[in-house]
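*Asks:* No sequence on hand, only this structure:
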DNA sequence: CATAGCCGCCTTTTT
DNA sequence: GGCGGCTATG
């Protein structure tokens, strides 16, 4: 999760961290108490899938009936709720639950054999550790005197318990969040955490941040209108402090290509007027929509940056090089080991590997130990034995350099493993590998005490979202999810079509909860905008290689979009009138006119809200509750109040 | 054992 | 439309 837990330690040093990296630190420090090996690897999604496939097969089930991904999703949900294998097993009463319990158990067994934790384990193991060890809670509470959690609406059960445990000694906790911006329910975020905060910490002061200092009044009204369609929510109104600005524009295009080009054209128009590319962003529902934008922007020579999960670290050559480094720290990381044992090709094929594996299984040792004992494996002939021995030798040789800086080791591994030679005709791959080594060098510079283990654990949690550079001078492209917490002067939200936004996969539940989450997602996108908001859809869109006729998003209807004006290329305006603007018209009399609820600014008293307005012409008075807490009755004529 | 080519699978969002 | 894994072939 991206919400960060910032903690103010003693001596005014502030630690800013995500929950996940905090957990890694805790688990590393208290590994013995958590019952884990501190050199653990962190398995990402593709590693998880491999383990899940193995788990399903080990349970003698068909992966067609028990889709590893589905099983993983179910296991993830359980872990986020802190339900461990034994608890789940005990409660499993139907066939499916019992089977899943078996897969869950096997999956955990495989992970622990490989000394690996998945993302959910990081949270769960830390939460369980804190639950079982009051002394650890106490130490952490002493170290972190104050805990501040941003985006609290997106915390899950495990994170809630971790937070609660850390502050148990002092109760110094501050959280911020907005239930209307909860967009991670699908990965276990529990909205009850924020709704029940006042019950969990009864002494807490609640500060309602109702005024919005970011967006123009009409953007907020658009957002308000949309979110009001959610049934399952606490009524709340966004209060603008800025006046109405540019109209919210809904545009329709023939297809995604035209849409992309039009966005490019409008971006150019903006930059032509002196707007910086730093102040413009394009949001979309799914990552695959970035491709056509990229092509258009390259053609238009518009510099852009894609803010996406883990693009760089997903490249083959990077994963290969990292796999070498991973097994130096954790030789039990079988996934990494299998990845590189024959990459580049060194004559260790499938048959050889299978023989070592069955030897290892028979003698109850790890795969790597099997490799080390290759001489004793009778099923292998001389040639493969020699090849394995020299591979093991090479790895053991690298291990001698494991202490200290990462970059020199990475470079050595890259060259001596044969990867460099293997990739020499692929310029791109070479550059990427060099970039990784450079990044490692940067890590070496920054880290207090660089270590390969720490480096690997850090980059496992790294996502390009964290690396978003707000002053890069490049147009930002990102998913609506990635947009959370950011803001831009100008925003383009593309692909407002049924099936995309809301996404078709959100159409499965009975209660419409998933649809409401999609609506919140759109709401998040809209409220990132300070001034210029463009929403667009295309009449045809290519999906999985198929050009399909689209249906405008139902959310556009909810916004009151005037589709009659939505002719291709020509913009249609969202049919929302601006009430703040309307009230200005009534000011034509002798003194300004106010309505209750209006936000005003006073030269001396600052910002306040109109409580009452006595409309008696020249001598009209207004009762204002100021943000200082004072309530004052003022003569409108003399008060010189300005509406905000 | 290596390589190429084919088939089938998935395909939302992310730490 | 992309990737991984499987198979057939050298």
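*Replies:* That came in fine, so what should we check first? Worth saying up front: this structure is predicted, and the values here are computed from it rather than measured. Residues are numbered from 1 along each chain as shown, chains lettered A, B, ... in the order given.

*Asks:* where along the stretch 51-200 of chain A do the helices fall?
*Replies:* Remark: helices assigned in the stretch 51-200 of chain A by DSSP state H, counting those that start in this stretch are A:68-80, A:85-91, A:95-113, A:119-132, A:134-143, A:157-166, A:192-195, A:197-200.

*Asks:* hmm, I was thinking of the stretch 401-550 of chain A
*Replies:* Under DSSP H, counting those that start in this stretch, the stretch 401-550 of chain A gives helices at A:406-416, A:419-422, A:427-446, A:452-461, A:513-526.

*Asks:* okay, those helices, which one's buried deepest?
*Replies:* Stretch with highest mean neighbour count among the helices of the stretch 401-550 of chain A: helix A:513-526 (a mean of 23; mean count of other CB atoms under 10 Å). Glycine gets a C-beta too; all of them are placed from N, C-alpha and C.

*Asks:* Can I get the helices of the stretch 401-550 of chain A in TSV including distance to residue A:342?
*Replies:* Output for these, formatted as TSV (distance: least, CB to CB, whole Å):
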stretch	distance to residue A:342
helix A:406-416	16
helix A:419-422	11
helix A:427-446	18
helix A:452-461	22
helix A:513-526	43
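
*Asks:* so can I have JSON lines of the ones you listed showing mean pLDDT and distance to residue A:296?
*Replies:* Output for the helices of the stretch 401-550 of chain A, formatted as JSON lines (pLDDT from 0 to 100; distance: least, CB to CB, whole Å):
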{"stretch": "helix A:406-416", "mean pLDDT": "92", "distance to residue A:296": "36"}
{"stretch": "helix A:419-422", "mean pLDDT": "84", "distance to residue A:296": "35"}
{"stretch": "helix A:427-446", "mean pLDDT": "86", "distance to residue A:296": "22"}
{"stretch": "helix A:452-461", "mean pLDDT": "90", "distance to residue A:296": "31"}
{"stretch": "helix A:513-526", "mean pLDDT": "93", "distance to residue A:296": "20"}
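
*Asks:* and residue A:17, what element?
*Replies:* Per DSSP states H and E: residue A:17 is located in strand A:14-18.

*Asks:* which secondary structure elements does that strand contact?
*Replies:* strand A:4-9 (3 or more CB pairs under 8 Å, 6 or more residues apart in numbering; DSSP states H and E).

*Asks:* picking that back up, taking helix A:452-461 as reference, get the angle to the strand holding residue A:17.
*Replies:* With axes from the mean of the first three to the mean of the last three CA atoms, to 10 degrees as the basis, strand A:14-18 and helix A:452-461 are set at 60 degrees to each other.

*Asks:* pretty sure residue A:530 contacts residue A:487?
*Replies:* Yes. Residue A:530 lies in contact with residue A:487 (CB atoms under 8 Å); the separation is 6.1 Å.

*Asks:* Common neighbours of these two, please.
*Replies:* Common neighbours of residue A:530 and residue A:487, counting by CB atoms under 8 Å, 6 or more residues apart in numbering, are residue A:214.

*Asks:* So between these two, which is more surrounded?
*Replies:* Shown here are residue A:530 and residue A:487; by other CB atoms under 10 Å, residue A:530 has more neighbours (19 against 15).

*Asks:* who's in contact with that one?
*Replies:* A:214-216, A:219, A:487-490.

*Asks:* Residues of the stretch 201-350 of chain A that sit close to DNA strand B?
*Replies:* Contact residues, the stretch 201-350 of chain A versus DNA strand B (CB under 7 Å from any atom of the strand): A:285-288, A:308-310, A:342, A:345-350.

*Asks:* same question but for the stretch 1-150 of chain A, I mixed them up
*Replies:* A:1-2, A:18-20, A:44-45, A:67, A:69, A:119-120.

*Asks:* so which pair among the residues you listed is furthest apart in space?
*Replies:* A:18 and A:67 (29.3 Å; CB to CB).

*Asks:* So if I had to pick from the two, which one is more boxed in?
*Replies:* More crowded of residue A:18 and residue A:67, by other CB under 10 Å: residue A:18, with 17 against 14.

*Asks:* Just list whatever residues bridge to that one.
*Replies:* residue A:4 (DSSP bridges).

*Asks:* close enough to count as contact, it and residue A:458?
*Replies:* No. Between residue A:18 and residue A:458 there is no contact under CB under 8 Å: 10.9 Å.
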